[in-house]
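1. would you be able to build a 3D model of this:
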Amino acid sequence: MCQTPFDWCDGHRTANGAPDTGVWQRPTIRRHASHSKIKRLEAGLFNRALVWQTCGVNTTARPTRLLARLICCEEDCSNPGANGPLAAPVTAQAQCTGSGSLLSGKSSLCTGNSCRSRVAHTLLAVAASALFAVANAASVAPVNLKCEYLENPIGIDAAKPRLSWVLVPTQPTARGQRQTGYRILVASSPEILRRGKGDVWDSGMVESDNSQHVVYEGKRLRSNQECYWKVRVRDERRTLSPWSKPARWTTGILDASDWSAKWIGTGQSFVRKQGWPPPDNTMPDPWLRRVFVLDAVPKRAIIHVASVGYHELYVNGKRVGDGVLAPCTTDHTKRARYVTYEIAELFRRGTNVIGLWLGTSWSIFPPYQTTDKPAAPIVLAQADIEFGNGRSTRIITDDQWKWHPSPNTLIGVWDFTNFGGERYDAGREIPNWCEVTLDDSSWQPVTVFSPTLILSAQNVEPNRPVRELRPVKLEEPGPGIYRVDFGKNFAGWIEAKIEGQPGDVIEFKWSERKEEPMTHRLHSYYVVGPSGKGVFKNRFNYGAGRWVQIEGLRQKPKLEDFKAWLIRTDYAPVTQFECSNPWLNRVHDATVWTFENLSLGGYVVDCPQRERMGYGGDAHATTETALDHFALGAFYTKWAQDWRDVQGKEAAWGIGRKEGEAGSGKKIEPGNLPYTAPTYWGGGGPGWSGYCVTLPWEIFRRYGDHRILEESLPTIEKWLAFLETKAKNNLLRRWGGEWDFLGDWLWPGAEGVNGDTRETLFFNNCYWVYNLQTASRIAAALGRTDLAEKYRNRAAEVRSAIHREFYVPEEHSYVNGYQAYLAIALLTGVPPEELRPAVMDRLEKEILVNRKGHFWGGITGGSFIVKCLIEQGRPDLMYEMVTKEDYPGWIHMLRNGATTLWEDWEGKLSLCHSSYLHVGAWFVEGLAGIRPGTDGQGYKDFIIRPGIWSTTPLEWVKCRFVSPYGPIESDWRRNTDGDVELHVVVPPNTKATLFLPTTRAESVRERGRPITAASEIGLLPVSGNCLPVRLGPGRYSFQVSGN
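-> This is a model prediction of the structure:
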């Protein structure tokens, strides 16, 4: 008897072990020109097939609940001997033997005079069977599996990691696709997972629509454990999807007692000397190595490497991994992060060697200096090697290692305006330094250290070269001086082919300005080796600029001798944006490019050349823009931990003490934070240090991540308690030195420190309200209703006090009426409700009349202008400011040669800076109108409010944003007659509120039908000048009449 798999649709395994749909394969169907119907079925109607072995013969089958099967006849009846895809339904009772059987040389359906009629009946049966199968297929399939925001992460240290997936529609034109349940299998091996078993965790079918941050609830995980997993979901009709493709994660070290490795280094320590510029470091970056013997080739081997300063890992002469400048930047007074590598394939039976090349870098950064470790790179590494059958061994860093100076040396002192570069001496190369053939008898023993550092997994994408740049011009500004133009400002590495005499010293100077040979002492050297030829390439430092000036060459180089790379954390881009205004497209692209150049090391710097500091104030200008364009869940989660780490830390100056006390070891007041992390360095103020509240909330808004709120709430409570100690009569009073109470920064024409002004006092009190309101929302999201009410009530008290103290009634304004101050007042609800329209009118006047349509805000204040106008639904005002071509403005920068955005509107300072990146959020949230919902579900229920107004000069906008739930699209076009065409995509398992640019439902059609007759659309009451509608998952095409 033919065996038909009865469980093909239910996902349950039959007693005889039939495979589930997770291993179905696409069939090979014989084609013939006369069978277009079957070819169409093959191309479109089916998306699954089961290759089943029936009675020892391979047949191609498409199972259905009717137990039907499609079988290709061996001959085309109309042309004997030619192969054709005739198919017929087969019941479970069909005989598999006999000359007339379906599996004999010629099917009985394909013989005799009735062949043509049988063909017709067969085609009808095929179509009916296919349509039935499609009707009973799940509407969605799970893809893009992630663990803790990462794809197949290695060495994460979460004891209960969160698992996420995206649902894709199996029928793209359908609507209403939802998840009603899921089942997760986690197995200890791929083989067990393929068999449909979850020996680590089988969640069972969970009644839930949750597809993000599902907490692992299986067996307790152990260190270095491999976990293989897959998921299937149940859709809105309770139909099971196929199993996803398998994914994987491995754990790092989950228990501190599992570490046995020791911190080791060279015993050297950098001594910072006086003078300006301070004398360069001369301490070479060291090589470290350990030789050992293995009696067999391992089945599995992993190594965890933590370092203070950068590192590269080598095994038997081969470099491991493609990450660079590892690990990510961390506060090395408290924590060190380790990177996990899989290295089994690099080992061999017999003698082996592990090598570590250390880079000085952050190990000599002044705020990171402690008495329990040297001002020099140190490393801790632990390799666990498994041979199978329970046999294993461990190699650790200890006193058995040796070290030797490498050819690479940091120049500069890794400090403010003096991050320097590298000196590479090719004459000191030892090609086999990490191979067993090397005689290392002259190498020195390492020194063991015992610093008090928490060891944490990196848990964020590594730094990588993500984009190659080729030079566009080579000039000779002076004899023997050559300047390479890479076409745009960037932060990263260069590579240069070198020819010269042994001992020649070639210098590479980076510059942001063509007229300057070098910016902020960013330069490197290459010393030519014995061969006279070589290649310079950065390793443990990076530069920033557009031009690289080369000195010391004996002959003119060729343009093709040079190339460069942008280096950043390797997060994924998620947004495509374009509109009908070319200048706006250029502003958008320059904004996004600038952010990429500020995001090396798992945090956002102010600038990549002068400071490399993670300022909280600057972060207000970048966070929404970044989250609107890149997948940054892991990135910002790591940075949020950095902010928790630096709370209460001493900084280099300021922070509530005299300048002379800087570096004295005195801690700042409990609960206070410096204004940078993890590179804490002086200064502070509510709008800067208060980013410790803003950041976790923004992560939650976008990703629905409750854990980040739980981890951050203690820091938030201590910060707000600190602010209470600085308040009198419900208003903050200025505290500390000149850098401790900073407000807005670098508005047009601003110069110097501006912490002691009435405007700063107003701004910081408004930001206090912003922190309190955000903390109230965080507490509410965590179920802390008492705390939420406390912060909500406190915010109301402070708002009232601010209004009484700073309101100018005759102007309907606050303090000097600058845009930033009116915007933050409106956004935080400082004006009583009845006055808010008048204050908004005053803001409009300030923009259009007083500033003649120009943007008038700085780093922190400017972010609130953008937020406020998006919130108020005023894309017209933002458009007016962003499209201004003269000073101050973004287009003004571009017209004056900018390829990245400047630090100041005047262009006197850094030319690659975070200051004005807040505009990037407006393109996605203001023009395309794609915004996260207000309840923190991370695009589970989101908003689309396209920036269309009656007099818009824009003809069209196109935007595709890949949310955690899948792609969201908002494309609109406004015709000359005022009609609007709007295309929207809502991902499966989500909902959206769309604001249509009309107040009349009768003026709206969807795919040519009245909106009231369309599926998955619900009308809401008119809001202002818009008609809100609720949308379920699907694709929508609206036509809005302008008449």
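
2. could I get the full set of strands for the stretch 551-700 of the chain?
-> All strands of the stretch 551-700 of the chain, identified by DSSP state E, counting those that start in this stretch, fall at 562-569, 572-573, 575-579, 630-631.

3. V168: which element?
-> Assigned by DSSP states H and E, V168 belongs to strand 162-169.

4. so what strands line up beside that strand?
-> strand 140-147 (antiparallel), strand 214-215 (antiparallel) (DSSP bridges).

5. chain center to the following helix or strand past the longest one, what's the gap?
-> Taking DSSP H and E as the definition, the helix or strand that follows strand 140-147 towards the C-terminus is strand 154-156. Offset of strand 154-156 from its chain centre (CA atoms, centre = their mean, to the nearest Å): 17 Å.

6. and the contacts of strand 154-156?
-> 147-148, 150, 249-252, 302, 304, 338-342, 457-459 (CB atoms under 8 Å, 6 or more residues apart in numbering). Glycine gets a C-beta too; all of them are placed from N, C-alpha and C.

7. now the strands paired with strand 162-169 in JSON lines, with mean neighbour count, mean pLDDT and distance to W493?
-> Converted to JSON lines, the strands paired with strand 162-169 look like this (neighbours: other CB atoms under 10 Å; pLDDT from 0 to 100; distance: least, CB to CB, whole Å):
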{"stretch": "strand 140-147", "mean neighbour count": "21", "mean pLDDT": "99", "distance to W493": "29"}
{"stretch": "strand 214-215", "mean neighbour count": "15", "mean pLDDT": "99", "distance to W493": "39"}
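
8. so which of those strands is nearest F508?
-> Within these, the stretch nearest F508 is strand 140-147; the backing value is 39.4 Å (CB to CB).

9. sorry, back to before: now distance to P367 too, for the strands paired with strand 162-169, in a markdown table please.
-> Formatted as a markdown table, the strands paired with strand 162-169 follow (distance: least, CB to CB, whole Å):
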| stretch | distance to P367 |
| --- | --- |
| strand 140-147 | 33 |
| strand 214-215 | 36 |
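
10. minimum distance to V186: which of these has it?
-> Closest to V186 of these is strand 140-147 (CB to CB; 10.2 Å).

11. other residues contacting the closest one?
-> Taking CB under 8 Å, 6+ apart as the rule, strand 140-147 contacts 151, 153, 156, 161-170, 177-179, 182, 211, 229-233, 235, 241-242, 244-245, 247, 249, 988-989.

12. hmm, which of those residues are the buried ones?
-> Among those, the ones that count as buried by 16 or more other CB atoms under 10 Å are 153, 156, 161-170, 177-179, 182, 211, 229-233, 235, 241-242, 244, 247, 249, 988-989.

13. low-confidence ranges in this structure?
-> Along the chain, the parts satisfying pLDDT under 70 run over 1-135, 650-668, 752-753, 1043.

14. run the last query once more with 50
-> Within the chain, the segments meeting pLDDT under 50 span 1-120, 124, 131, 652-666.

15. now do the domain split for it, please.
-> 21-135, 140-251, 259-460, 465-566, 584-919, 941-1040 (automatic domain parsing).

16. pick the most deeply packed of those domains.
-> Counting by mean count of other CB atoms under 10 Å, domain 584-919 has the highest mean neighbour count of the domains of the chain, with a mean of 21.

17. make TSV from the domains of the chain and add distance to L927 to it.
-> As requested, those are exported to TSV (distance: least, CB to CB, whole Å):
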stretch	distance to L927
domain 21-135	36
domain 140-251	25
domain 259-460	30
domain 465-566	24
domain 584-919	6
domain 941-1040	4
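
18. what strand or helix carries C959?
-> Judged by DSSP H and E, C959 forms part of strand 956-963.

19. give me the sheet partners of that strand and which way each runs.
-> strand 575-579 (antiparallel), strand 966-974 (antiparallel).

20. let's have those strands in CSV, adding distance to W547.
-> Listed next are the strands paired with strand 956-963 as CSV, based on distance: least, CB to CB, whole Å:
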stretch, distance to W547
strand 575-579, 29
strand 966-974, 39
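
21. of these, which is nearest L288?
-> Taking the strands paired with strand 956-963 one by one with CB to CB, strand 575-579 is closest: 42.5 Å.

22. in this protein, which helix is the longest?
-> Longest helix in the chain, counting residues (DSSP state H): helix 758-781.

23. list the contacts of the helix or strand that comes right after it.
-> Scanning forward in sequence from helix 758-781 by DSSP H and E, the next helix or strand is helix 785-806. Residues outside helix 785-806 that contact it (CB under 8 Å, 6+ apart): 717, 720, 729-731, 758, 762, 765-766, 768-769, 772-773, 775-777, 779-780, 814-815, 825, 828-832.

24. now swap in stretch 556-568 and tell me
-> In contact with stretch 556-568 (CB under 8 Å, 6+ apart) are residues 324-325, 463-471, 473-474, 476, 482, 484, 486, 490-497, 542, 548, 550, 596-597, 599-600.

25. all the strands of the stretch 251-400 of the chain, in order from the start?
-> Applying DSSP E, counting those that start in this stretch to the stretch 251-400 of the chain gives strands spanning 263-265, 284-294, 300-308, 310-315, 318-319, 335-342, 350-359, 378-388, 391-396.

26. nearest to I870, out of those?
-> Nearest to I870, of all the strands of the stretch 251-400 of the chain, is strand 335-342, at 35.4 Å by CB to CB.

27. describe which strands that closest one pairs with in its sheet and in which direction.
-> strand 300-308 (antiparallel), strand 454-457 (parallel).

28. ok, V436 - contacts?
-> V436 is in contact with 291, 316, 351-353, counting by CB under 8 Å, 6+ apart.

29. over to it. Which of the three states is it?
-> Here V436 takes the coil state, with states given by DSSP: H, G, I helix; E, B strand; the rest coil.
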